[in-house]
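J.: Next input, structure requested:
(4 chains)
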2 protein chains.
Amino acid sequence: MENVRGRPRSFDKDDVLERITCVFWERGFDGATYEQMEAETGLKRQSLIYAFGDKRALFLAALQHYRTTRVEAVCAALASAKTAKQGVAAAFDIWRGDASRQRHRGCLLVTTAGEVAPFDADVAKQIAIAHKKLLTAFEDAFEQAGAERSLQRKTDAAALAMLAVATGDGSLLHARNENDGGSTQLALDSLFSLIFD
Amino acid sequence: MENVRGRPRSFDKDDVLERITCVFWERGFDGATYEQMEAETGLKRQSLIYAFGDKRALFLAALQHYRTTRVEAVCAALASAKTAKQGVAAAFDIWRGDASRQRHRGCLLVTTAGEVAPFDADVAKQIAIAHKKLLTAFEDAFEQAGAERSLQRKTDAAALAMLAVATGDGSLLHARNENDGGSTQLALDSLFSLIFD
DNA sequence: TGATTTCATGAACCGTTGTTCATATAGTCG
DNA sequence: CGACTATATGAACAACGGTTCATGAAATCA
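T.: Residues are numbered from 1 along each chain as shown, chains lettered A, B, ... in the order given. Below is the predicted model of the structure:
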């Protein structure tokens, strides 16, 4: 029997973590309060602390959750597509979706966590991991695109990957500061047609 | 006589504002404390409050200072260059410099202020102004580049401007989260050679 | 010189917020 | 059914940080 002794948890931990992630995503680390988390999850702060640890641990859990869901989704889109060009298009589409969301736009890792990263090595590590994963995924895609001869012209795959990620993060960043969700997407469109033909 | 009555201020207001700006730039709005500002400026918090107002007013003053110095510098570089291509190169160089700085990397407006903007209309306005200025400056440059026939191929100037700004901000953002200041610059290099020939 | 105005600063204030303590609750095990 | 263990939560705690109060200092003006 895998049932452990003691009172069972009344909530789904992953579900709660998802909601916690959204709070941090929207308000940032300092901006997020237990009060907001209580409202979002329906749980009391002590329960959250009991389940995850203090605020910093909660934030780190949220970062990891974000990385293993959102970031991996982009990587998966890149890797699983028929052609590299389609893969990049799919990845950009995910970003477009994130940029046009109502609440918590932008990227939790680069934007929000970036504020904390210079003063917290663990946070910086989460960012670095995600960044590297994304970078190599794009690099692989562009190398494949070179082999498929779909590139506008021969370019260094690593540099192209850097450009794609920088532009993507920049777009997500701008989306956070704008009311009309559409205009920032121009950057991704423009880049796509510049890279492919 | 332009000498006003009362005890004269013992410090240069602009100089202090520059230092205050650096504190916000490095720590963010919530992260910045009066204690750090005291250390940075050598003044007591009450003097700062007396001269500028409360913390939010201090932050707004810093944002405006940042905009009228850093952002305008990029616009000026774009407008004053001989050719549009040189102008874009000069603008990118400024960004490269900002990205390779030791302290307070990244862009105060898009990164730091972006955390506060969704909950403060005045902050959002500062961002919007800077964004628009940058965008039109690049758009003008790319239109000029089209006339000068230095573009790799005919592309919409507005979309290209969006791409340049998104990539620039993305690069600055990444620079904040990295130890080796060099690698993010690849994105700008890559974009430049993709746009021009 | 004395009155007046503005700047500088020590000190107290006060609210917000993260954390901890103590207790009630809901399950399993023997 | 009692013993035990883990979860849930009300309530008190503690501290960091922004703001305000009150006083001293430095200049100009009459």
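J.: show me the contacts for residue A:30.
T.: When the contact criterion is Cβ atoms under 8 Å, 6 or more residues apart in numbering or on different chains, the partners of residue A:30 are A:115, B:28, B:30, B:31. (C-beta placed from N, C-alpha, C; glycine too.)
J.: Which of these fall within strands?
T.: Per DSSP state E, strands hold no members of the contacts of residue A:30.
J.: Whichever of the residues you listed end up buried, select them in ChimeraX.
T.: A single ChimeraX command suffices to select whichever of the contacts of residue A:30 are buried according to 16 or more other Cβ atoms under 10 Å in any protein chain shown:
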select /A:115 /B:28,31
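J.: Would you map the helices across chain A?
T.: For chain A, the helices identified by DSSP state H occupy A:13-31, A:34-41, A:45-52, A:55-66, A:72-80, A:84-99, A:113-116, A:121-148, A:157-176, A:185-195, in order along the chain.
J.: any idea how far residue A:97 is from residue A:170?
T.: From residue A:97 over to residue A:170 the distance is 16 Å, taken as Cβ to Cβ, to the nearest Å.
J.: Give me the more crowded residue out of those two.
T.: When neighbours are counted by other Cβ atoms under 10 Å in any protein chain shown, residue A:97 and residue A:170 differ, and residue A:170 comes out ahead with 29 against 9.
J.: for the helix-or-strand element of chain A with minimal mean pLDDT, which positions count as buried?
T.: Within chain A, judged by mean pLDDT, DSSP states H and E, the helix or strand with the poorest mean is helix A:113-116; its value is a mean of 88. Under the neighbour-count criterion of 16+ other Cβ under 10 Å, helix A:113-116 has A:113, A:114, A:115, A:116 buried.
J.: isn't the second one right up against residue B:176?
T.: Yep, that's residue A:114 we're talking about. Yes - contact criterion Cβ atoms under 8 Å: residue A:114 and residue B:176 qualify, at 5.3 Å.
J.: any residues in contact with both of the two?
T.: Between them, residue A:114 and residue B:176 share these contacting residues under Cβ under 8 Å, 6+ apart: B:106, B:111.
J.: before we move on, the earlier item: using a markdown table, lay out the buried residues of helix A:113-116 together with distance to residue B:91.
T.: Output for the buried residues of helix A:113-116, formatted as a markdown table (distance: Cβ to Cβ, whole Å):
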| residue | distance to residue B:91 |
| --- | --- |
| A:113 | 28 |
| A:114 | 23 |
| A:115 | 26 |
| A:116 | 30 |
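J.: a markdown table for those, including distance to DNA strand C?
T.: Formatted as a markdown table, the buried residues of helix A:113-116 follow (distance: Cβ to the nearest atom of the strand, whole Å):
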| residue | distance to DNA strand C |
| --- | --- |
| A:113 | 16 |
| A:114 | 19 |
| A:115 | 14 |
| A:116 | 13 |
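J.: which of these lies closest to residue A:149?
T.: Using Cβ to Cβ, residue A:114 comes nearest to residue A:149 of the buried residues of helix A:113-116, at 37.1 Å.
J.: list the contacts for that closest one?
T.: Listed by Cβ under 8 Å, 6+ apart, the contact set of residue A:114 reads A:127, B:106, B:111, B:173, B:176, B:177.
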